[in-house]
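Q: Sequence below, structure please.
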Amino acid sequence: MGNGGFDGGHVRIDTSVPHPARRYSYWLGGKDHFAADRESGDAIARAFPAVVELARANRAFLRRGVRFLAESGIRQFLDIGTGLPAPDNTHEVAQRVEPSSRVVYADNDPIVMAHAQALLVGDPRGRTSYLEADVRDAGGLLRRRELRDTLDLREPVGLLLVAVLHFLHDDEQVAAVVRRLTGALAPGSYVMLSHGTMDFSDSDGVAAYEKMFASGGTDVRARSGATLQGYLDGLDLVAPGIVPVADWRPDDPAAPRPVSRDLGIYAAVARKPGLPPG
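A: Numbers count the residues shown, from 1 in each chain. Coordinates of the predicted model:
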């Protein structure tokens, strides 16, 4: 999400402005990006060399988290800020566990949606839908026909907010978005998120980040783990809690983790309390 702009459901393409989804694709080695995305990505990588490794660690968290949700019985997924298709998309991971899983992808970049509709073909026993929407209009997103035709919000849903909330710069807006989305979910639903942070950085790293953010060199609003904890208030955190993205239930606990003092990403999964319907 981020710079695509939202105007009531119609999103304009401006390839002269970097977009987080295309920049992320560039860092992951994808091909769907423009000069502005590459220039932005290179500038951020020069200031924060760990960013490419962290982007890949974030993608691996998505795979592990979706697998955990599917193995926990979740059969419906709402992936907001999905980004461009890459190996192990949400529906692929979920449908490997349960072929009937249903997934709705939402992003505010029409290029993302065009690629999604062409490439993200799921198991015919399940269902996969796509909609152009902005997380900032959570209420409008929840009312969209494409979502309601695919997901039954009376049953548990896995809500994915992976590397998207840090593109919203107002803390109260983020809190309101999370409340609106989680409030619409049935008991037994899960929220899965990752978010940029400077909690692991020294004073020089924090100063460099703040200078870059103030100048517009990065559109990521880093937040503390304590702030993220507040956004998840009322939900039950799944162990190991809010941790560095590579430390959330790693496939190989003995493998080395990407460590950086200049940038970090938190990851968390939380469950909406109560018994699922039925």
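
Q: my read: residue 151 touches residue 105, true?
A: No - in this structure, residue 151 is not within contact of residue 105 by Cβ atoms under 8 Å, at 11.6 Å. Every residue, glycine included, has its C-beta placed from N, CA and C.

Q: Where does the prediction get shaky in the stretch 151-278 of the chain?
A: Residues of the stretch 151-278 of the chain that meet the criterion pLDDT under 70 lie in 258-263.

Q: buried sites along the helix or strand encompassing residue 61?
A: Assigned by DSSP states H and E, residue 61 falls within helix 51-71. Going by neighbour count (16 or more other Cβ atoms under 10 Å), the buried part of helix 51-71 is 51-70.

Q: And residue 151 and residue 105? Which one has more around it.
A: Set residue 151 next to residue 105 and count neighbours by other Cβ atoms under 10 Å: residue 105 wins out with 27 against 20.

Q: The closest residue to that one other than its chain neighbours and residue 226: what is the separation?
A: Nearest non-adjacent residue to residue 105, counting by Cβ to Cβ, 6 or more residues apart in numbering: residue 82, 4.2 Å away. Plainly put, residue 82 is 28 Å away from residue 226 if you go by Cβ to Cβ, to the nearest Å.

Q: and if you look at residue 203?
A: Counting by Cβ to Cβ - residue 203 and residue 226 are separated by 19 Å.

Q: again with residue 253
A: To residue 226, residue 253 is 26 Å away according to Cβ to Cβ.

Q: For the stretch 51-200 of the chain, which segments are assigned as strands?
A: For the stretch 51-200 of the chain, the strands defined by DSSP state E, counting those that start in this stretch occupy 76-80, 102-107, 127-132, 158-162, 190-197.
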